[in-house]
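**Q** Below: sequence and its predicted model.
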Amino acid sequence: MSVSILGAGAFGTALAIALGRGGTPVTLWARNPETAKAMQESRENSARLPGANLPETVTVTAQFADTLGDTILLSVPMQTLRSLLHDHPELDRRTLVACCKGIELGTGLGPVAVIHEAAPNTTAAILTGPSFAADIARGLPTALTLACRDHDIGKSLQQSLITPNIRLYRTTDTTGAELGGALKNVMAIACGATIGAGLGESARAALMTRGYAEMNRMAAALGAQPDTLSGLSGFGDLTLTCTSEQSRNYRLGLSLGRGEEFDTSITVEGAATARATAARAAELKTDMPITAVVVALLDRRIGVSEALDTLLSRPLKEE
């Protein structure tokens with residue numbers, strides 16, 4: 001079975017390397033023809049994943065017609081997912097696996113919901129969980145969640161996407177899986193700001209714990225299964241993203257906490273997700289104080305010390 005990956009960023013490239021290394025024929029699509037040509041010739045994504053070589057089983061192309069394989073992974077930023085589907089209606093009626101994490105601005109929808117809305121005849125799934133592109137490309141062991149509402153198709157995808165270093169756990173709860181992957185990025189920004197401001201590891205641990213409770217409130221409000229966020233796509237990804245500088249969301253938080261400028265050319269999904277989640281939480285009347293504080297920090301309406309005061313001044317209650 002062949003696999004196509006749309007999006008030649010760090011994560012898309014890493015997945016191509018892992019699958020290709022396991023013997024799967026992979027077509028990796030890069031939007032920019034010059035980028036595709038350079039990667040195909042050099043066998044490396046020098047801009048996004050330097051030092052990681054592409055196996056011979058991986059073909060890089062900018063020709064979209066060449067990418068319509070048996071299984072198609074969508075490794076594009078969350079906020080561009082809908083436009084990709086609109087620009088390429090030939091993706092409809094296929095099996096699409098989202099490999100992005102976030103909540104869409106304007107609609108408040110996650111990746112699977114966006115796919116169903118923009119390409120209603122597709123079978124949609126999501127691949128998510130605690131993972132860094134560099135680790136996957138190096139062949140380090142990684143465990144991910146594969147969520148698909150159709151049990152049989154999910155099982156087939158699990159078999160076709162597993163690699164020697166990637167273990168996949170399956171669920172039918174796409175809502176819970178996409179929320180876990182999205183909301184942990186918001187909490188990572190908050191944790192980064194905490195460490196950046198010098199507030200310490202104990203404060204970060206408290207913030208992660210309360211952030212996890214906040215994630216579960218939103219998941220319950222949107223009908224996710226209670227156990228999903230306790231797995232890889234929720235708790236697992238939260239732990240990784242809130243504790244490592246490999247996370248772009250965490251690094252953004254560090255810069256906020258230190259009062260430093262952040263490179264605006266770097267895609268940070270948690271920033272848009274925080275704003276979209278805050279709006280959705282208001283509609284659902286769901287209490288998400290950490291998310292609200294992150295939005296205020298991003299908008300420069302408050303500083304880190306004021307953010308901490310806001311959280312600590314909340315009414316005392318039972319855990």
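**A** Happy to help now that I have it. Numbering: from 1, shown residues only.

**Q** how many neighbours does Thr209 have?
**A** Applying other C-beta atoms under 10 Å, we find 12 other residues in the vicinity of Thr209. (Each C-beta comes from the backbone N, C-alpha and C, glycine too.)

**Q** if I look at it, how far off is Ala190?
**A** Computed as C-beta to C-beta, to the nearest Å, the Thr209 to Ala190 distance reads 12 Å.

**Q** what sits up against stretch 299-315?
**A** Outside of stretch 299-315, the residues within contact range by C-beta atoms under 8 Å, 6 or more residues apart in numbering are 193-194, 196-197, 199, 203, 256-257, 289-290, 293, 296-297.

**Q** Can you flag which of these belong to helices?
**A** Among those, DSSP state H puts 193-194, 196, 203, 256-257, 289-290, 293, 296-297 in helices.

**Q** wait, which of those is closest to Leu28?
**A** Leu28 lies nearest to Leu256 out of the ones in helices among the contacts of stretch 299-315, by C-beta to C-beta, at 33.7 Å.

**Q** check contacts around the nearest residue to the closest one once chain neighbours are set aside.
**A** Distances taken as C-beta to C-beta, 6 or more residues apart in numbering place Ala193 nearest to Leu256, at 4.6 Å, with adjacent residues excluded. Neighbouring residues of Ala193 by C-beta under 8 Å, 6+ apart: 253-254, 256-257, 294, 297, 304, 307.

**Q** Could you export the residues you listed to a markdown table, including columns for pLDDT and distance to Thr277?
**A** What follows is these, written out as a markdown table (pLDDT from 0 to 100; distance: C-beta to C-beta, whole Å):
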| residue | pLDDT | distance to Thr277 |
| --- | --- | --- |
| Gly253 | 96 | 16 |
| Leu254 | 96 | 21 |
| Leu256 | 94 | 17 |
| Gly257 | 93 | 21 |
| Val294 | 96 | 9 |
| Leu297 | 94 | 14 |
| Val304 | 82 | 20 |
| Ala307 | 83 | 17 |
